[in-house]
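# Got a sequence here, can you build the structure:
(one chain, ligands or ions: 1)
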Amino acid sequence: MNEVDSGSGTPDAVEVAADAVRRLTAAILESRVRGVATPDVSEKISVLADRLEAVAAHPRECVTGKIGTHEGALQRSPVSGPKNPVAIPLRFEQCDDGSSLAHTEFPRQYQGPPGLVHGGVSGLVLDVAMAVANSAAGRAGVTAEMTLRYLRPTPLYTEVTVRGRHVRVEGRKTWSQGTLEVDGETTVVCDGLFITKELAL
Ligand SMILES: CCCCC/C=C\C/C=C\C/C=C\C/C=C\CCCC(=O)SCCNC(=O)CCNC(=O)[C@H](O)C(C)(C)COP(=O)(O)OP(=O)(O)OC[C@H]1O[C@@H](n2cnc3c(N)ncnc32)[C@H](O)[C@@H]1OP(=O)(O)O
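Numbering: from 1, shown residues only. Now for the predicted structure:
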């Protein structure tokens, strides 16, 4: 089993900052924080945001700028990216049979119904799990369709196993499947259709 390269091992300053922002995001959502989120704390956070924003590229430049490599894409991905504060982040492994595997706990910021993972977030995660498996099979492409079946609720702050595997191919089409599991029971199944396409990274 090989770890998919989504990080540098030792976190760099950006990864440390991204992790701090993640913790801040989860904490801000906690109702007990309201008492300490005084104007002083809020002001300090805003000052930091202003400082970084002043030197950051304009958003339009970011989205048209090249990522460079698949590893770069994984490091900035909203699912697996240690450099992306929005990411959980998931660390995928590639199993000997070509499937992708990750273990995680979803924190508060991914909540849908009270105490449960938002269904759209499950879809996001499974899209990437399937993409990682497709990529390992030399079938990188874009998602054309996803069908999600929510069989059981997926709780927050509980170990979730994420799997992706490619099922069959036909020309440019790749059919794949992803699952979330909790305590050995499948909570979400996703069937995806991907179309092979060269991605301009
Ligand atoms: C974070 C970024 C990562 C980037 C990846 C980097 C690295 C990879 C490494 C590791 C992997 C790890 C992470 C990857 C992470 C995330 C993956 C992100 C996945 C996405 O988030 S991706 C965004 C959402 N996705 C789109 O933004 C697609 C928009 N769309 C299009 O770009 C076109 O629409 C396209 C290309 C789909 C087709 O266009 P086209 O012109 O190339 O081809 P055409 O239309 O001829 O279709 C050819 C044959 O597919 C059939 N077909 C087409 N669409 C169909 C559908 N919906 N249902 C059923 N069949 C369909 C036709 O019916 C025909 O079939 P037939 O040959 O039998 O006639």
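# Now do the contacts for the most centrally placed residue in the chain.
In the chain, the residue lying closest to the centroid (Cα atoms, centre = their mean) is V79, at 0.9 Å. The contact partners of V79, by Cβ atoms under 8 Å, 6 or more residues apart in numbering, come to 87-90, 124-125, 127-128. No exception for glycine: its C-beta is placed from N, CA and C like everyone else's.
# out of those, which is most surrounded?
V125 (28 neighbours; other Cβ atoms under 10 Å).
# For that one, give me the pLDDT.
Model confidence at V125, given as pLDDT, is 98.
# my guess is P78 meets P85, correct?
No: if you go by Cβ atoms under 8 Å, P78 and P85 don't touch, sitting 9.7 Å apart.
# After the helix or strand bottoming out on mean pLDDT in the chain, which helix or strand is next?
When the helices and strands of the chain are scored by mean pLDDT, DSSP states H and E, helix 59-64 comes last with a mean of 56. Proceeding N to C from helix 59-64, the next assigned helix or strand is helix 70-76, under DSSP states H and E.
# Please name the nearest non-neighbouring residue to V189.
R149 (4.7 Å; Cβ to Cβ, 6 or more residues apart in numbering).
# List the strands paired with the helix or strand where that neighbour lies, with their directions.
Per DSSP H and E: R149 is located in strand 141-150. Strand pairing for strand 141-150, determined by DSSP bridges: strand 185-196 (antiparallel).
# Can you mark which positions in the strand it pairs with are buried?
Neighbour-count burial for strand 185-196 flags 187-192, 194 (criterion: 16 or more other Cβ atoms under 10 Å).
# for stretch 99-108, same thing?
99-102, 104, 106-107.
# What segments of the protein are helices?
13-28, 39-55, 59-64, 70-76, 119-136 (DSSP state H).
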